[in-house]
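Colleague: can you look at this prediction? I've put the sequence above it.
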Amino acid sequence: MKSLEVDILVSVWNDILERFNIVKLRKRINSYEKINTSFGFLFNITELSVLEVKQKAGELQKQYPQDLDTSFMNEFIHFRGYLKGLPESVSTKSVLYLCQVMKDDNLLDIYPYVNIALRMFLCVPASNTSAERSFSTLKRFKSYLRSSMNDTLLNSLAILNIESQLTTSLNYDEIIEDFERSKARRKILI
């Protein structure tokens, strides 16, 4: 090909790629805006009024009626009150931190639907990658796991996942201390 033809092809190709990227970028922005519309109030719970929290929680409950009960609105208002009672630096942290506070303060049974809503937000797949890349990564990950894990370990991990309710209630510090005591290999030096 002549250099003029190459220049024209490169110019056209770059224009096509640029338009394709703009379309994908708009699609990603729309998905993030949709997530923010549904869950955005989680980031400033303490700054919203009770009516705003009730409205936003009601909208979220209507969007996910299978997961969030009608008592979710009142539960969320109570959770807002709990957060207002905490120091300012604690109540304005991330959603992940709010989940950690709920677990550390043993609030999972008191605010079960708030916990579900927070975990739903953390698990929503707002992706920046294409499906092809995800599947190729998954394939590599599976190959890696197959080569590095034996069946016993995979079965044990599956059991831990199935019994996740039990594993979340375990005190890992005690388990680690028991393991340390049983595996202590100390030599007495004279």
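Modeller: The structure has been received and is ready for your questions. Numbers count the residues shown, from 1 in each chain.
Colleague: what residues go with each domain of this structure?
Modeller: According to automatic domain parsing, the chain is divided into the following domains: 3-123, 131-182.
Colleague: of these, flag the one that's most buried.
Modeller: Per-stretch averages of neighbours, counted by mean count of other Cβ atoms under 10 Å, single out domain 3-123 among the domains of the chain, with a mean of 14. Every C-beta, even on glycine, is put in place using the N, C-alpha and C of the backbone.
Colleague: what about it, distance to the chain center?
Modeller: Averaging C-alpha coordinates over domain 3-123 and over its chain gives two centres that are 10 Å apart (Cα atoms, centre = their mean, to the nearest Å).
Colleague: check the average confidence over it, would you?
Modeller: Per-residue pLDDT values across domain 3-123 average out to 83.
Colleague: quick one, longest helix in this protein?
Modeller: In the chain, taking DSSP state H as the definition, the longest helix is helix 3-39.
Colleague: for that one, packing partners?
Modeller: Using 3 or more Cβ pairs under 8 Å, 6 or more residues apart in numbering; DSSP states H and E as the contact criterion, the neighbours of helix 3-39 among helices and strands are helix 50-63, helix 112-123.
Colleague: kindly reformat the ones you listed as TSV containing distance to N21.
Modeller: Formatted as TSV, the helices and strands packed on helix 3-39 follow (distance: least, Cβ to Cβ, whole Å):
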stretch	distance to N21
helix 50-63	30
helix 112-123	27
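Colleague: please name whichever of those is nearest to E75.
Modeller: Comparison of those against E75 by Cβ to Cβ identifies helix 112-123 as nearest, at 5.3 Å.
Colleague: contacts for the closest one, please.
Modeller: If you take Cβ atoms under 8 Å, 6 or more residues apart in numbering as the criterion, helix 112-123 is touched by 35, 39, 42, 57, 60, 64, 67-69, 71-72, 75-76, 79, 95-96, 98-99, 102, 107-108.
Colleague: so which of the residues you listed sit within strands?
Modeller: Using DSSP state E to define strands, no part of those is located there.
Colleague: pick out the residue closest to the middle of this structure.
Modeller: Within the chain, one residue has its C-alpha closest to the average C-alpha position: by Cα atoms, centre = their mean, that is L122, at 2.5 Å.
Colleague: any idea how far P65 is from that residue?
Modeller: 20 Å (Cβ to Cβ, to the nearest Å).
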